[in-house]
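**Q** Pasting a predicted model and its sequence here:
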Amino acid sequence: MMARAAATRCTCTGNDGVISLAKFPWSRSIPWVRTALAAAALGLSLLYLPELSLPVRGLLALFLALALLLAMRRKGLSGLLGLLALFADTVFFLVLASIGTDRLVWLDSIFYLYLLAEALMLYTAMQLVLIAGICVIFCLALPGRAIVLLQPTIMVGGIVASAFALRLQRDSARVQLLNEKVNEAQKTAEKAREVERQRIASDFHDGPLQSFISLQMRLEVLRKLLERDFEAGMEDLKQLRTLASTQIRDLRVFLHSMRPVDVDGANLVATARRTCEAFQKESSIPCAFLGADTSVGLPQEMTADVLQMLREALANVQKHSGASRVAVAIEKSPSGLEISVDDNGHGFNFAGTYTLEELELLRLGPASLKRRARSLNADLLLESRPGRGAGLKFRIPLQ
């Protein structure tokens with residue numbers, strides 16, 4: 001697991017467990033804090049520790065030069081270089097703790113807190129725990145009054161920083177998991193929107209668009225007829241006006257089917273009953289409804305799809321069947337939710353009873369309802385009685 005520098009950008013916790021830096025924008029000042037502490041350590045050692053050996057003083061000076069060099073870098077530390085910087089800071093603290101006096105305990109404490117802050121912001125939680133553990137073991141093993149004075153700070157600071165780092169890593173992992181779920185939900189919603197756009201385009205092509213194409217052709221025929229026989233043309237114009245009124249009605253039905261479904265909570269039956277009442281009022285076709293006003297246990301999203309499917313079935317009856325009455329029934333059974341729509345209209349141009357698979361294979365039946373049935377994982381049964389009507393039955397599995 002590599003260290004991540006905050007000098008260029010903040011990172012998020014991933015599979016490698018790197019702690020998020022989003023809450024630590026001031027972490028870019030760490031290189032200069034290191035330089036200031038190194039300079040203070042070197043200067044105060046000259047003042048309070050004149051007997052310090054030359055190799056140790058040279059080590060302090062070397063660390064100051066290294067800190068200044070890292071602070072002047074425009075790029076942050078990452079990878080092996082970042083780990084080496086953390087290692088150098090840890091060694092420098094241990095050197096300070098071993099050579100310190102009572103008057104420099106405060107400097108040792110400040111550098112230790114700096115070391116924990118650096119590890120918390122730029123490295124993983126496990127790396128911070130490792131650094132804190134090394135410092136605790138080192139200070140417990142060394143004798144000396146300065147070390148004893150430093151031990152409470154090292155132990156309390158290490159425990160608090162380690163607990164905070166582990167908690168932050170866990171929360172960051174949860175945030176990442178939630179982000180992944182949000183991305184999946186956005187992809188699912190986008191796919192659903194695309195499917196719905198395709199369905200609307202297909203329904204418009206099969207419905208209102210075909211009606212307007214037919215109207216355009218009839219107008220062209222009327223123009224030619226008026227040139228040859230004005231009286232016959234006027235009679236055809238009356239029929240064309242009736243056709244236009246029918247197409248306006250069909251277009252209203254299509255637009256009505258595009259409106260969002262008003263779901264009455266989880267009570268599908270009550271909302272379906274109101275849908276049938278609205279259909280009867282708009283189409284003047286009597287619509288009998290059978291169903292108990294009880295909850296059927298469908299999720300709200302699936303309930304909306306079921307109601308939309310019912311509206312499409314009734315719209316097809318109004319546009320194409322020529323029926324004088326319709327019957328709708330909703331029943332909950334052990335095998336699922338069963339919805340049936342029966343009419344006494346013309347029926348389809350084929351006879352018999354077909355399942356969804358058979359309709360797909362023979363390319364029969366309304367395409368929009370077949371798409372709805374597939375999306376709901378529902379069984380569909382279509383019965384066509386030419387001249388005597390048709391019946392649709394859906395069986396939706398309850399989860």
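**A** Sure, I can see it.
**Q** Do a quick rundown of the strands in the stretch 201-350 of the chain.
**A** Here the stretch 201-350 of the chain has its strands, by DSSP state E, counting those that start in this stretch, at 287-290, 326-333, 336-343.
**Q** Using TSV, please lay out those strands together with mean pLDDT and mean neighbour count.
**A** In short, each C-beta sits where N, CA and C put it, glycine included. As requested, the strands of the stretch 201-350 of the chain are arranged in TSV below (pLDDT from 0 to 100; neighbours: other C-beta atoms under 10 Å):
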stretch	mean pLDDT	mean neighbour count
strand 287-290	91	16
strand 326-333	89	18
strand 336-343	90	21
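**Q** could those go into JSON lines alongside distance to Gln151?
**A** Shown next, in JSON lines, are these (distance: least, C-beta to C-beta, whole Å):
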{"stretch": "strand 287-290", "distance to Gln151": "81"}
{"stretch": "strand 326-333", "distance to Gln151": "71"}
{"stretch": "strand 336-343", "distance to Gln151": "70"}
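**Q** just so I know, which of these lies nearest Arg371?
**A** Comparing the strands of the stretch 201-350 of the chain by their distance to Arg371 (C-beta to C-beta), the top pick is strand 336-343, with 16.0 Å.
**Q** C-terminal to the closest one, what's the next element?
**A** With elements assigned by DSSP states H and E, the helix or strand that comes after strand 336-343 is strand 352-355.
**Q** looking at the strands of the stretch 201-350 of the chain, which is closest to Lys191?
**A** Lys191 lies closest, by C-beta to C-beta, to one member of those: strand 336-343, at 24.7 Å.
**Q** hmm, back to that, closest one to Leu240 among the strands of the stretch 201-350 of the chain?
**A** Leu240 sits nearest to strand 336-343 of all the strands of the stretch 201-350 of the chain, at 27.8 Å, using C-beta to C-beta.
**Q** Which neighbouring elements make contact with the closest one?
**A** Applying 3 or more C-beta pairs under 8 Å, 6 or more residues apart in numbering; DSSP states H and E, one finds that strand 336-343 contacts helix 300-316, strand 326-333, strand 389-396.
**Q** orientation of it relative to strand 326-333 in degrees?
**A** 170 degrees (axes from the mean of the first three to the mean of the last three C-alpha atoms, to 10 degrees).
**Q** What pairs with strand 336-343, parallel or antiparallel?
**A** Partner strands for strand 336-343, per DSSP bridges, with pairing direction: strand 326-333 (antiparallel), strand 389-396 (antiparallel).
**Q** looking at the helices and strands packed on strand 336-343, which is closest to Ala65?
**A** Checking the helices and strands packed on strand 336-343 against Ala65 by C-beta to C-beta gives helix 300-316 as the closest, at 64.8 Å.
**Q** mean confidence score for the closest one?
**A** In this model, helix 300-316 has an average pLDDT of 82.
**Q** Mind listing what's buried along that helix?
**A** Under the neighbour-count criterion of 16 or more other C-beta atoms under 10 Å, helix 300-316 has 302-316 buried.
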